[in-house]
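# could you work out the structure for the sequence below:
(one chain, ligands or ions: 1)
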Amino acid sequence: GEKHRLSAEIERIVQGHLKYKYEDVSDGWDLIHQEGEMKVYRREVEENGLVLDPMKIFHTIKGVTGHEICHYFWEFQYRMEWETTLDSTKIIEVLDPQTVVFYQVHKRVWPAAQRDSCFWSHIRSFTSSDEDQPTWLVVNYTTSHLLAPIKSPQVRIVANVALICETVINEPPLNPKDIKRENIECKLTYVAFVNPGGWVPSAALRSVAKREYPRFLKRFSSYVLEQTRDKPILF
Ligand SMILES: CC(C)(C)c1cc(CCc2ccccn2)cc(-c2ccc(S(=O)(=O)CCO)cc2)c1
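As a prediction, this is how the structure comes out:
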């Protein structure tokens with residue numbers, strides 16, 4: 001598509017996530033939560049007293065495709081229906097049909113100051129040679145923007161988040177037109193580097209993250225299942 005001021009950065013960040021995604025979690029990652037198909041890993045990383053803990057979540061959702069998961073994660077109009085941690089969200093710039101800039105105000109988590117976020121959000125799909133279904137991904141990456149001035153007392157978070165989804169078709173029928181939702185599942189990898197900015201007690205932040213991420217992914221998955229239940233499959 002047409003290039004714009006963020007094209008180079010987007011390419012660099014997206015390729016970084018794709019390389020990172022295949023890195024296994026055996027060394028340095030702790031499995032901190034497991035629930036059904038969901039496995040939540042965390043690396044404990046602190047930088048001058050600030051908790052940066054990268055999170056990596058693997059999940060398999062039966063009955064939806066990676067395209068559907070990324071569609072409902074990226075599209076603005078559904079966001080407030082599944083995101084319970086936001087006071088508001090709005091698009092402040094459209095860079096191309098796959099790239100927008102969001103500004104969000106997060107619900108205040110007492111006693112921390114209110115957080116806000118501004119990031120570019122990019123959706124794309126690609127097919128590797130060896131797989132028949134395309135991989136879909138969304139990356140949300142903090143960016144500065146004239147229409148999102150930093151204003152006290154809100155604290156700007158710095159986030160680099162990727163949702164990478166593969167679609168598996170189990171026992172594919174001879175005719176692809178006959179594929180049913182019980183034959184499909186989405187295998188997703190969710191990676192989040194979120195620096196909530198300002199000062200949050202590290203123990204509190206770790207417990208909030210440990211609670212919030214699985215909750216968000218569970219809620220988001222069931223939202224997509226309910227939205228797609230009686231709709232034609234979006235491959
Ligand atoms: C605490 C932690 C879980 C690391 C946390 C804190 C805050 C800032 C708000 C906040 C919450 C709690 C404590 C302090 N600040 C935001 C996020 C966060 C941001 C973005 C995304 S996203 O996947 O890009 C979906 C788009 O909204 C997910 C999570 C996480």
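# quick check: next helix or strand after the helix-or-strand element of the chain with minimal mean pLDDT?
Counting by mean pLDDT, DSSP states H and E, the chain has its least confident helix or strand at strand 50-51, which shows a mean of 83. Next helix or strand after strand 50-51 toward the C-terminus (DSSP states H and E): strand 55-62.
# just checking: what are the partner strands of that following strand?
strand 38-42 (antiparallel), strand 184-195 (antiparallel) (DSSP bridges).
# redo the ones you listed as TSV? Include mean pLDDT.
As requested, these are arranged in TSV below (pLDDT from 0 to 100):
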stretch	mean pLDDT
strand 38-42	97
strand 184-195	96
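# between those, which one is nearest to the ligand?
Smallest distance to the ligand across the strands paired with strand 55-62 (C-beta to the nearest ligand atom): 4.1 Å, for strand 184-195. In this view, the C-beta of every residue, glycine as well, is placed from N, C-alpha and C.
# what's the spacing between the next helix or strand after that closest one and its chain's center?
Counting by DSSP H and E, the next helix or strand C-terminal to strand 184-195 is helix 202-228. Remark: helix 202-228 is offset 11 Å from the chain centroid, using C-alpha atoms, centre = their mean, to the nearest Å.
# stretch 103-120 now?
Computed by C-alpha atoms, centre = their mean, the chain-centroid distance of stretch 103-120 equals 17 Å.
# ends of it, what's the gap?
Separation of the first and last residues of stretch 103-120 by C-alpha to C-alpha, to the nearest Å is 9 Å.
# please report how far Lys62 lies from the ligand.
22 Å (C-beta to the nearest ligand atom, to the nearest Å).
# run through who's touching stretch 125-143.
With C-beta atoms under 8 Å, 6 or more residues apart in numbering as the test, stretch 125-143 has contacts from 6, 9-10, 13-14, 17-18, 65-67, 69-70, 73-74, 101-102, 117-124, 156-169, 235.
# let me see the contact set for the residue most central in space within the chain.
For the chain, the residue sitting closest to the mean C-alpha position, by C-alpha atoms, centre = their mean, is Leu163 at 4.0 Å. Applying C-beta under 8 Å, 6+ apart to Leu163 gives the contacts Ile69, Cys70, Phe73, Leu137, Val138, Val139, Leu188, Thr189, Tyr190.
# roughly how far does the spatially most distant residue from the centre of the chain sit from Pro134?
Here the chain reaches farthest from its C-alpha mean at Leu174, the gap being 33.7 Å by C-alpha atoms, centre = their mean. Separation of Leu174 from Pro134 (C-beta to C-beta, to the nearest Å) stands at 21 Å.
# also Val51?
If you go by C-beta to C-beta, the gap between Val51 and Pro134 works out to 35 Å.
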